[in-house]
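Undergrad: Structure, please.
(2 chains)
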Amino acid sequence: LAKTTQPISMDSYEGQEVNITCSHNNIATNDYITWYQQFPSQGPRFIIQGYKTKVTNEVASLFIPADRKSSTLSLPRVSLSDTAVYYCLVGDMGDSGYALNFGKGTSLLVTP
Amino acid sequence: KAGVTQTPRYLIKTRGQQVTLSCSPISGHRSVSWYQQTPGQGLQFLFEYFSETQRNKGNFPGRFSGRQFSNSRSEMNVSTLELGDSALYLCASSLSQGAKYEQFFGPGTRLTVL
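TA: Numbers count the residues shown, from 1 in each chain, chains lettered A, B, ... in the order given. Predicted coordinates for the structure are as follows:
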């Protein structure tokens, strides 16, 4: 199971772009990279997922370099409501099952 | 479509007791995973069930167990409760097993062990 490393915390001002980088040096060929967001007293919520290159949806972009040993979640023009914990996960879809370890994530604080 | 539901939402137990938590996945979802969340350790994987079979297990003692029923509903049991078991227990369901499938989380059960 690939281990991930991401910053414990980040601060940003409203309206700025926030980039959170996750390292996953031993990512396997079949592994997908997924990001979740969690607000206090709620379960995590899926943000975005990718395998390689760049993926964009209505809330975020995910950049994955060619070697796939890291990934960057980009949140454009953050608002106060983006204050949350962000988790980077790497896991495969093998038939033997999987264990998605969320760890402690990155705590993002957005201030006015 | 109804989301993932967990019961009870809050629970207070004393050391040595046992507890059973319930999770009803989204209709059509066959995979159910359980997680423990504490301030110190973050969100840790407990186990995952798919088609009534435990497919993967995290690094937790045997006091933590679970099962899945034919309708995909799942229960988690913790025996001989310890103070350190106080945590938010989250259940997540997905269409199938594998990291490719988005996990949908329930609101959690807040367990307090006194």
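
Undergrad: how about the strands in chain B?
TA: Assigned by DSSP state E, chain B shows strands spanning B:5-7, B:10-13, B:19-24, B:31-38, B:42-50, B:53-57, B:64-68, B:74-78, B:87-94, B:104-105, B:109-113.

Undergrad: what's near enough to touch the residue nearest the centre of chain B?
TA: Against the mean C-alpha coordinate of chain B, by CA atoms, centre = their mean, the closest residue is B:Trp34 at 3.1 Å. Residues near B:Trp34 by CB atoms under 8 Å, 6 or more residues apart in numbering or on different chains: B:23, B:45-48, B:66, B:74, B:76, B:89-92. Just so you know, the C-beta spots here come from the backbone N, C-alpha and C atoms, and that holds for glycine as well.

Undergrad: Tell me the spacing between it and chain A.
TA: 11 Å (CB to the nearest CB, to the nearest Å).

Undergrad: for the lowest-mean-pLDDT helix or strand in chain A, packing partners?
TA: In chain A, no helix or strand scores lower on mean pLDDT, DSSP states H and E than strand A:84-91, which sits at a mean of 90. Under the contact criterion of 3 or more CB pairs under 8 Å, 6 or more residues apart in numbering or on different chains; DSSP states H and E, strand A:84-91 touches strand A:18-23, strand A:32-38, strand A:70-75, strand A:106-111.

Undergrad: which one of the ones you listed is the most hemmed in?
TA: With neighbours defined as mean count of other CB atoms under 10 Å in any protein chain shown, the helices and strands packed on strand A:84-91 peak in mean count at strand A:32-38, which reaches a mean of 23.
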